[in-house]
Structures are given as C-alpha cells and as structure tokens.
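In: I'll drop the sequence and a predicted model, then ask my questions.
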Amino acid sequence: MEKMICRILLLISLNCVCGTFVVNVTQTSYQAEENHNITLEWTFTTTADTSSDSLLIFCDLRTDHKISVLFVLYGGVEVPESRDQQFLRRVQWDKDVLKDGRLRLHVSRLRTEDSGWYRCKVRRNNVLKSSECQLNISAVRDCPEPERPNTDTHERSNTAGGGRIGLYCGLGLTAAVVVVLVVRYILFNNILLRLRWRI
C-alpha cells in the first residue's frame, strides 16, 4: 500500500514539475462579414525553457472540399512559401506574444470561401497537440433600394376613380334634369288641362 501511495505521489509531482502541454483556442466560433478582418487566437502551455526555436506550429483551414495551409512556423521562423494561395498577403502574426504561449493570426479582407474549421497544431519537445475553431463568413448584402410608389399605377387609379366620380355625377345630373323635365311636363300638362276646362 505504501509503495502504491509513493508511486501516485511521484506521478503527481512529476506531472507538476514537467507540466502538461496543452493547446487551446480562445474562442470556438467566430462570425464575420466578407471584406472585414478577424483575429484568431490559440494558447499553448510554455515553460521557462520554451523558446520559439523549439516550436513547430502548423495552422490550416479545413472545409468539405479542401485543406488550405494558413501559417507555418518552424524553428522560430515563419515559412510564408508554405502558405496556400488563398491566404497570400492576407495573414499576419504577432511575434511578441509567442513567448507568452499565444499565437495570434490576423486574417484580412475575409472572403466567403474562408469559412470553415481552423486548426492549429503545435509541437514542442516531440509532443504534438492541436485545437480548432469554426469561422463563418457571411456575404455582404447589397443594400436594397427603398421601394418607390409606382406613379403610373397611382395616376391610373386616380384617373379611373376620377372617371367613375365624373360618371356618377353625370348620371346624377341627368337624372335630376329628367326629374325636373318630367315634373315640368306634368305641371305644364296639368295647367293646360285646367285651362281647357275653363275655356
């Protein structure tokens, strides 16, 4: 029993002294619009003796259709010629934060085809770890022009409505004239009849 306890304590103390090498992404999901810029960031554990010369960092974009190399750092030196054509002159990195165990990649002029899973692999002392995040790029929407009323239709409806009103007024006036004429005729005939009776 004592041997087992000693072994467990030894394992725990070795783990604390050596440390566990871990790579994490600071954000698992990003949203951005086309033509904007974005910063992707990963962290990894470092020790006092960790130098950028002992690191191999490989970052790529994975989609359903292909894998594109985004960034490679080997022996403390960036290898830009390994970068995929899609990311040429669009990816920069912060050298000063690498010693703190952070990798920051700035991707500029985003395109919709930049959407996908971004994975960063870091190898230190022959131990390889990785972490990934998802980036969704939405297309820039054209601003729709505000709808303007169709003046042709509006004028036609007013003209048609105005025509109907004129028709109704005309019919009403005609009816009134007919009524007046009928009343005059009746009155006139009535007066004539009376005169004839008197004569």
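Out: Noted; the coordinates are in hand.
In: in this protein, which spans are helices?
Out: Counting by DSSP state H, the chain has helices at residues 2-18, 151-198.
In: Centroid-nearest residue for the protein?
Out: Residue closest to the average C-alpha location in the chain (Cα atoms, centre = their mean): Ser138, at 3.8 Å.
In: what's near enough to touch that residue?
Out: For Ser138, the contact set (Cβ atoms under 8 Å, 6 or more residues apart in numbering) comprises Gln31, Ala32, Glu33, Glu34, Thr112. For every residue, glycine as well, the C-beta is placed using N, CA and C.
In: Try it again at 7 Å.
Out: By Cβ atoms under 7 Å, 6 or more residues apart in numbering, Ser138 lies in contact with Glu33, Glu34.
In: Thr46 versus that one, what's the distance?
Out: 36 Å (Cβ to Cβ, to the nearest Å).
In: between the helices of the chain, which has the poorest average model confidence?
Out: Looking over those, mean pLDDT reaches its minimum on helix 2-18, with a mean of 42.
In: Mind listing what's buried along the longest strand along the chain?
Out: When the chain is parsed with DSSP state E, its longest strand is strand 127-138. Residues of strand 127-138 classed as buried: Lys129, Ser130, Ser131, Glu132, Cys133, Leu135, Ile137 (neighbour count, 16 or more other Cβ atoms under 10 Å).
In: What strands line up against it, and which way round?
Out: Sheet pairing here is set by DSSP bridges, and for strand 127-138 it gives strand 29-33 (parallel), strand 116-124 (antiparallel).
In: Excluding covalently adjacent residues, which one is nearest to Tyr74?
Out: Using Cβ to Cβ, 6 or more residues apart in numbering and skipping residues adjacent in sequence, the residue nearest Tyr74 is Leu56, 5.6 Å away.
In: And for the one you found, the neighbour number?
Out: 15 (other Cβ atoms under 10 Å).
In: That one pairs with what?
Out: Going by DSSP bridges, Leu56 forms beta bridges with Tyr74, Arg123.
In: and the gap between it and Glu132?
Out: 17 Å.
In: now Val69
Out: Distance of Val69 to Glu132, given as Cβ to Cβ: 15 Å.
In: that older thread, out of the strands paired with strand 127-138, which is the most enclosed?
Out: strand 116-124 (a mean of 20; mean count of other Cβ atoms under 10 Å).
In: now it: how far from the chain's centre is it?
Out: 25 Å (Cα atoms, centre = their mean, to the nearest Å).
In: can you list contacts of that strand?
Out: Applying Cβ under 7 Å, 6+ apart, the external contacts of strand 116-124 come out as 21, 23, 40, 42, 44, 50, 54-63, 70, 103, 128-135.
In: that older thread, relative to the whole chain's centre, how far out is the longest strand of the chain?
Out: Computed by Cα atoms, centre = their mean, the chain-centroid distance of strand 127-138 equals 19 Å.
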